[in-house]
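Novice: mind folding the following:
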Amino acid sequence: MYHAVGHRPAKAAYGLSVSPDAFAEQMELLGERGFTPLTTAQLGDAWRAGGRPLPRQPVLITFDDGYEGVHRHALPVLAKHGFASTLFVSTGWLRGAHDEGGALDTMLDWDQVRELSAAGTEIGGHTHTHPQLDQLDDDRLRFETVRCRDIIADELGAVPLSFAYPYGYSSRRVRRTVRAAGFAQSLAVGNGLALPRQGPYALQRVTVRRATGIEEFERLIEGRSIARNFAKDRALTKGYAMVRRVRRAAGLIRRSGG
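Specialist: Modelled structure (predicted):
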């Protein structure tokens, strides 16, 4: 899971960014090790009954949010290796007619998104304004998923098949809403390897950060030391999940007048 790719990303995006040189080195390693990148839709299809079998060493290369550096820096590297990828866009953050503001750094415009799509990048949904979905009421939750879906379909001429939860946050209610909006699969974070038993709407990914060196990246793609590397992240995720459930419950009480 990547976010921004750039030499000098904005402070708010820096920790979850990677430098162009680091990204190129990481893709070179994937190629040397014989990995075959897939789109998220291809993975979902392979794990359904009757789908095509996976290649020997499959891997997903995903980008969240829609930062401009994905086109400027990542696309040439992906094209060099012939790698597929998936870009999950927050439609209200992208530059153009649907821009709602609030983006953390310079974002893609729709011409760039179309160029990425034409080059083999799957374009998936990442909501409209990038909220914490599990904190929204039902109407706003549906708006965020359906509005995102419809804008992508209008701009690209094809309904998106895959979705990724902002911040990785979801719940049964969120997952049902994403499914009802027509998305066939969705990615969380979890910082673990994706497995069929997670189900198509809670597939895990591992986070690649500015601080991820090439040796750590090598361990991640080999599936080694993932639990240890992300132990702190998992502990924080569990703790914050409890906080979010309390906030959600408190919000429902306030709205009901209790």
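
Novice: leaving out chain neighbours, which residue sits closest to Leu16?
Specialist: In space, and not counting its chain neighbours, Leu16 is closest to His3: 4.2 Å by C-beta to C-beta, 6 or more residues apart in numbering. C-beta coordinates here come from the backbone N, C-alpha and C atoms, glycine included.

Novice: over to Gly223?
Specialist: Gly223's closest residue in space is Leu193 (C-beta to C-beta, 6+ apart), at 5.7 Å.

Novice: so where's the chain uncertain?
Specialist: Counting by pLDDT under 70, the chain shows low-confidence ranges at 228-258.

Novice: distance of the residue nearest the centre of it relative to Ala41?
Specialist: The chain has Asp64 as the residue nearest its centroid, 4.0 Å off, counting by C-alpha atoms, centre = their mean. Distance of Asp64 to Ala41, given as C-beta to C-beta, to the nearest Å: 16 Å.

Novice: so what touches the helix or strand containing the residue nearest to the centre of the chain?
Specialist: Taking DSSP states H and E as the definition, one finds Asp64 inside strand 62-65. Defining contact as C-beta atoms under 8 Å, 6 or more residues apart in numbering, one finds that strand 62-65 is touched by 1-5, 40, 70, 74, 85-90, 93, 103-104, 107, 126, 130, 164, 166, 187, 205.

Novice: mind listing the helices for the stretch 101-250 of the chain?
Specialist: 110-118, 138-156, 172-180, 214-221, 226-229, 231-256 (DSSP state H, counting those that start in this stretch).

Novice: now the second one - C-alpha only, PDB.
Specialist: Extracted C-alpha coordinates of helix 138-156, given in PDB (Å, rounded to 0.1, in the frame of the first residue of the first chain):
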ATOM      1  CA  ASP A 138     -26.200   5.600   6.900                       C
ATOM      2  CA  ASP A 139     -27.200   8.400   4.400                       C
ATOM      3  CA  ARG A 140     -23.700  10.000   4.400                       C
ATOM      4  CA  LEU A 141     -22.100   6.600   4.200                       C
ATOM      5  CA  ARG A 142     -24.100   5.700   1.100                       C
ATOM      6  CA  PHE A 143     -23.400   9.100  -0.400                       C
ATOM      7  CA  GLU A 144     -19.600   8.700   0.000                       C
ATOM      8  CA  THR A 145     -19.600   5.300  -1.800                       C
ATOM      9  CA  VAL A 146     -22.100   6.000  -4.500                       C
ATOM     10  CA  ARG A 147     -20.900   9.500  -5.300                       C
ATOM     11  CA  CYS A 148     -17.300   8.100  -5.700                       C
ATOM     12  CA  ARG A 149     -18.600   5.300  -7.900                       C
ATOM     13  CA  ASP A 150     -20.600   7.500 -10.100                       C
ATOM     14  CA  ILE A 151     -17.900  10.100 -10.700                       C
ATOM     15  CA  ILE A 152     -15.400   7.400 -11.700                       C
ATOM     16  CA  ALA A 153     -17.900   5.800 -14.000                       C
ATOM     17  CA  ASP A 154     -18.700   9.200 -15.600                       C
ATOM     18  CA  GLU A 155     -15.000  10.200 -16.000                       C
ATOM     19  CA  LEU A 156     -13.700   6.900 -17.200                       C
END
